[in-house]
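Asker: Sequence and computational prediction follow.
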Amino acid sequence: MRLLLIFLLMFSSAAYGQLTQTDRRTQGAQTDDAAIALKATMRANNITGDNGRVAVTSYNRLVLLTGEVADERMKTEVQKQVETIPEVNAIENDLVIAPVSTVGMRANDMLISSKVKAAIIDTYEIYINTFKVHTDRGVVYLMGRVTKREANLAGEVARNASRSISKVVLLFHYIDENGIKDLIPKQANSADRTDIDRERQQLAEQRRRLEEEKRQREQAKLSQRINLQASITTPTNDGEYTISIQTNADTASLKINGEEIGGSAGGSYAINRIARAGQDTKLDIIARDVYGNTDSKTIIVNRPVVESKASHASLNPVQVKRQPNRDAVAIIIGISNYKTLPKAEFANDDARIFYDYAIRALGVKPENIKLLVDADAEEVEIIKAFKTWLPSRVRSTTDVYVFYSGHGLPTQDGQGLYLLPLRADRDFISRTAIQFQEINADLQAAKPKSVTIFMDACYSGQTRSGETLIANARPVALKAEKKLFPDSFTVISASQADQIASSSPDLKHGIFSYYLMKGMEGDADANRDGKITLGEMQAYLVENVGRQAGMMSRKQEPQLIGDVGRVLVGR
């Protein structure tokens, strides 16, 4: 930057003696104009960076801003920064919001300026050094201190200088004819004529060179072909993807579905977009190089809809606050792999993990737990557990817990309930299933202090298709209105009588069993007092089981038979 300033000062000193012969600005104004152009250019570049191009032209402290910027905010910011330069009197802001012009466009502007200057030189009624000529995007700007007559003549000369001119803008400080007398040399001496001839020759040479460059560009246009290559990344879950484009050419314009992206000297682009969910997005890409050659590509972007899935924490018995060992026994049954009936998904896993919750949350000693899973859950083993094993461990002070996860069915008359052991056969239900009334009688005969039954099975006998006992819908529900149990009994079942008790591949458990055990971990302790009552557990199950079933387009509402104020977990 220091070298540039030295160069400008050296040029100004050397050329000032010649230019001031017809330059109607004061020496101070010419010095200020040079400083303004330098300062304004630096400030504009700091704002635009690679996203814009600002050309600064200053004449008699009137600043002309031309070029391209990214948006209206950038255009305004450039003007504000230039306004802070003390020497500036006025600003003409002709910046446009557009992609940065190509090298070819700017070369064409230089050619136009040279033609206008040559035309003014050939017009002996006006002096070239009286005017500042600047061209940007085909628009010619004339600046100077001139009379109305000179302004009209210069404007007419400029308009006829080239067919490539789109418009001529006059930015003059007007003076009257009398005020111009002292500014015009009375007679051009030989030195003046020599300077004019030299400038005419320089302009002619510049014009010849620009015409040659134009010819070369036209030749290149005929021989060079743009080659558009485009690819996209796979959209992320939130839909964002990147379009990578390479044209292998100095690119003047790139459009995607009609939207102008802008030029790129190297022809490389990386553009981030958001794809619409659940449909194909078509991208029509058209690129044009600086010679006018075009190429196009069409790309299809597909963004599938991400399946809505809630995340669930795995069951973790370690989260349960360990309860002291109590006078309690538990029978835990889980049957998934039936011999002749459809599989009851995850029922065996429900039972196996409930074993640990019985120990930690309910305070049952391991030696007082009978665990019957799959092959061990034969009809005779279940009957023995209730008729012989249970009575041998129960006293009047004992709390009994029963957990069952598997298939259930109503009796043929609709008045009774069946538990289905491993070898239950739907064609011989009365002989191969166990009536719940029988188990209920065995529990009452043992005369324990209390009985709590958790039933992850249903008794609707129906599925969504109207069939019975499908693999992942285990029929369950007790009829609370019928007095089946004494007051010391509590029953929490998975669903109402006409609903399906479902299992979930996401939870990898029966929905009821999962939230029953999650509740025991402390999630059901609504008032955070360290105790979980049956009322708190029921409210927790109704909310969470119902929501999870709703995600499967089902209805499932657990039901409670018993005292809602009784403490289930924590003493």
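Answerer: Looks like it came in fine.
Asker: Could you list the residues in contact with stretch 139-154?
Answerer: Contacts with stretch 139-154, where a contact means CB atoms under 8 Å, 6 or more residues apart in numbering, come from 24-25, 57, 59-60, 62, 64, 66, 94, 112-113, 116, 120, 123, 125-126, 130-135, 155, 158, 161, 165-177, 180. Bear in mind the C-beta positions are built from the backbone N, C-alpha and C, glycine included.
Asker: Generate a PyMOL selection restricted to the buried subset of those.
Answerer: To isolate the buried members of the contacts of stretch 139-154 in PyMOL, using 16 or more other CB atoms under 10 Å:
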select buried, resi 24+25+57+59+60+62+64+66+94+112+113+116+120+126+130+131+132+133+134+135+155+158+161+165+168+169+170+171+172+173+175+180
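Asker: Filter the contacts of stretch 139-154 down to the ones in strands?
Answerer: Counting by DSSP state E, the contacts of stretch 139-154 place 57, 59, 62, 64, 66, 131-135, 167-174 in strands.
Asker: Just say helix, strand or coil for the spatially most central residue of the chain.
Answerer: For the chain, D238 is the residue whose C-alpha lies nearest the centre (CA atoms, centre = their mean; 4.2 Å). Classification of D238 using DSSP: H, G, I helix; E, B strand; the rest coil returns coil.
Asker: Which residue ranges of the stretch 401-550 of the chain form helices?
Answerer: Counting by DSSP state H, counting those that start in this stretch, the stretch 401-550 of the chain has helices at residues 429-432, 436-445, 511-518, 534-550.
Asker: Mind checking those helices for the one nearest to I300?
Answerer: Comparison of those against I300 by CB to CB identifies helix 534-550 as nearest, at 35.6 Å.
Asker: State the distance from A385 to V63.
Answerer: Distance check for A385 against V63: by CB to CB, to the nearest Å, it reads 98 Å.
Asker: Am I right that L171 is in contact with L64?
Answerer: Yes. L171 sits in contact with L64 when judged by CB atoms under 8 Å, with a separation of 6.4 Å.
Asker: what's the overlap in contacts for the two?
Answerer: E92, Y141, M143.
Asker: State whether the first one is indeed within a strand.
Answerer: To tie it back to what came earlier, the one meant is E92. Yes. With three-state DSSP as the criterion, E92 is assigned to a strand.
Asker: and after the helix or strand of the chain with the lowest mean pLDDT, which helix or strand comes next?
Answerer: The element with the least model confidence among the helices and strands of the chain, by mean pLDDT, DSSP states H and E, is helix 2-19, at a mean of 36. Scanning the chain past helix 2-19 towards its C-terminal end, the next helix or strand to appear is helix 27-48 (assignment: DSSP states H and E).
Asker: can you give me the angle that next one makes with strand 131-136?
Answerer: 10 degrees (axes from the mean of the first three to the mean of the last three CA atoms, to 10 degrees).
Asker: Packing partners of helix 27-48?
Answerer: Using 3 or more CB pairs under 8 Å, 6 or more residues apart in numbering; DSSP states H and E as the contact test, the elements touching helix 27-48 are helix 2-19, strand 53-59, strand 62-69, helix 72-83.
Asker: Would you mind extracting the C-alpha trace of the second one into PDB?
Answerer: In this case it means strand 53-59. Extracted as PDB, the C-alpha positions of strand 53-59 are listed here (Å, rounded to 0.1, in the frame of the first residue of the first chain):
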ATOM      1  CA  ARG A  53     -16.100  -4.800  -6.200                       C
ATOM      2  CA  VAL A  54     -16.200  -1.000  -5.600                       C
ATOM      3  CA  ALA A  55     -14.700   1.500  -8.100                       C
ATOM      4  CA  VAL A  56     -14.100   4.900  -6.500                       C
ATOM      5  CA  THR A  57     -13.900   8.000  -8.800                       C
ATOM      6  CA  SER A  58     -13.500  11.500  -7.200                       C
ATOM      7  CA  TYR A  59     -13.700  14.800  -9.000                       C
END
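Asker: follow-up on the earlier one: report the separation between the residue nearest to the centre of the chain and L283.
Answerer: D238 sits at a distance of 19 Å from L283 (criterion: CB to CB).
Asker: Check T130 too.
Answerer: T130 sits at a distance of 53 Å from L283 (criterion: CB to CB).
Asker: ok, now D289?
Answerer: For D289, the distance to L283 (CB to CB) stands at 20 Å.
Asker: The two: which is more packed in?
Answerer: D289 (26 against 17; other CB atoms under 10 Å).
Asker: Please look at the more buried one and G263 and confirm they touch.
Answerer: No. The pair D289 and G263 does not pass the contact test of CB under 8 Å, sitting 9.2 Å apart.
Asker: pLDDT score for I561?
Answerer: Taken from the predicted model, the pLDDT recorded for I561 is 91.
Asker: hang on, it packs against P486?
Answerer: No. With contact defined as CB under 8 Å, I561 does not count as touching P486 (10.9 Å).
Asker: quick one on the thing from earlier: which of the shared contacts of L171 and L64 are buried, as a ChimeraX select command?
Answerer: Those of the shared contacts of L171 and L64 that meet the burial criterion (16+ other CB under 10 Å) are gathered into one ChimeraX selection, given here:
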select :141,143
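Asker: and which of the shared contacts of L171 and L64 is nearest to R426?
Answerer: Nearest to R426 among these, counting by CB to CB, is E92 at 92.7 Å.
Asker: does that closest one have beta-bridge partners, and which?
Answerer: L64 (DSSP bridges).
Asker: Ends of stretch 77-97, what's the gap?
Answerer: With CA to CA, to the nearest Å as the measure, stretch 77-97 spans 13 Å from end to end.
Asker: Residues in contact with it: which ones?
Answerer: 32, 35-36, 39-40, 43-44, 46-48, 54, 56, 58, 60-72, 75, 136-137, 139, 141, 169, 171.
Asker: just the buried members of those residues?
Answerer: For the contacts of stretch 77-97, a burial check counting by 16+ other CB under 10 Å picks out 32, 35-36, 39-40, 43-44, 47-48, 54, 56, 58, 60-70, 75, 136-137, 139, 141, 169, 171.
Asker: confidence score at I274?
Answerer: The pLDDT attached to I274 in the predicted structure is 92.
Asker: what domains does the record give for the chain?
Answerer: Listed domain ranges for the chain are 17-205, 229-303, 325-569 (source: automatic domain parsing).
Asker: Any stretches of the stretch 401-550 of the chain with poor pLDDT?
Answerer: Counting by pLDDT under 70, the ranges of the stretch 401-550 of the chain that qualify are 414, 460-484.
Asker: do the same with the stretch 1-150 of the chain
Answerer: Per-residue confidence of the stretch 1-150 of the chain (counting by pLDDT under 70) places the weak regions at 1-22.
Asker: re earlier: so I561 and P486 - more neighbours on which side?
Answerer: Neighbour totals were compared for I561 and P486, and I561 leads with 19 against 11 (other CB under 10 Å).
Asker: roughly how far apart are the more buried one and N544?
Answerer: The gap separating I561 from N544 is 20 Å, by CB to CB.
Asker: now do R198
Answerer: 93 Å.
Asker: Which of those two has more residues huddled nearby?
Answerer: Comparing R198 with N544 by other CB under 10 Å, the one with more neighbours is N544, at 20 against 11.
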